[in-house]
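> I'll drop the sequence and a predicted model, then ask my questions.
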Amino acid sequence: MVVSEGRFTLEEINAMSITDFVKHLGGIFEHSPWVAEEAYKQIPFHSLEHLHSTMMQTVLSADRSRMEELLKAHPDLATRLQVTALSASEQQGAGLDRLTTKEFNLLNDLNRKYTDKFHFPFILAVRGKNKDDIISAIGVRVERSPQEEWVQAFSEVGTITRFRLSDLII
């Protein structure tokens, strides 16, 4: 049984086939359904936190190239290119769809500088932040070391995916 509006109880999640599990949770980690596929092996989950920590552990125990692919699967913030529905909604909530031309150009320049330095896009959990917070954060983080940003990027992925699971599971 599926709850209306695309939300599920933990009981429903635990009763899903792997196909349904990946269908409904495969997008939690940006363009990386392999996380849901691997996490499914640990079913049943006792709580949302258990599910999330299992998925994060799947990511953090993957080989470095797979972890890099996951980071690179994230869109540049405020991009005018195609993004997933989840990313688009999150970015709109932060006001990134209403940047002035000057702000858009500044964010694009910072995104380019960041990506050139770290070889993956700037990742920030934007929920609860506004465009000024985001521009300020990338301005600070672009000056950090690669190791600091590697750790920060996965911390942000954890925050983003925790929000997404909380939106999915009732």
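Arrived safely, thanks for sending.
> ok, then the element right after the helix or strand of the chain with the lowest mean pLDDT?
Within the chain, no helix or strand scores below helix 85-93, which has a mean of 66 by mean pLDDT, DSSP states H and E. Per DSSP states H and E, the first helix or strand lying C-terminal to helix 85-93 is helix 101-118.
> any idea how far that next one is from the chain center?
How far helix 101-118 lies from its chain's middle: 19 Å, per Cα atoms, centre = their mean, to the nearest Å.
> What helices and strands are in contact with that helix?
Secondary-structure packing of helix 101-118 (3 or more Cβ pairs under 8 Å, 6 or more residues apart in numbering; DSSP states H and E): helix 131-141, helix 146-168. Backbone N, C-alpha and C define where each C-beta goes, glycine included.
> got the CA coordinates for it in CSV?
Extracted C-alpha coordinates of helix 101-118, given in CSV (Å, rounded to 0.1, in the frame of the first residue of the first chain):
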residue,chain,number,x,y,z
THR,A,101,22.2,39.3,-13.7
LYS,A,102,25.0,40.6,-11.6
GLU,A,103,24.4,37.9,-8.9
PHE,A,104,24.1,35.2,-11.5
ASN,A,105,27.4,36.2,-13.1
LEU,A,106,29.1,36.4,-9.7
LEU,A,107,27.8,32.9,-8.7
ASN,A,108,28.8,31.5,-12.1
ASP,A,109,32.3,32.9,-11.7
LEU,A,110,32.6,31.5,-8.2
ASN,A,111,31.2,28.1,-9.3
ARG,A,112,33.8,28.0,-12.1
LYS,A,113,36.6,28.9,-9.8
TYR,A,114,35.4,26.3,-7.3
THR,A,115,35.1,23.6,-9.9
ASP,A,116,38.5,24.4,-11.4
LYS,A,117,40.1,24.0,-8.0
PHE,A,118,38.3,21.0,-6.6
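> For that helix, buried residues please.
For helix 101-118, burial by neighbour count (16 or more other Cβ atoms under 10 Å) applies to 103-104, 106-108, 110-111, 114, 118.
> Any chance of those residues in TSV with pLDDT and distance to residue 124 as columns?
TSV is the format used below for the buried residues of helix 101-118 (pLDDT from 0 to 100; distance: Cβ to Cβ, whole Å):
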residue	pLDDT	distance to residue 124
103	86	15
104	85	16
106	90	15
107	87	11
108	88	15
110	93	11
111	91	11
114	95	11
118	97	13
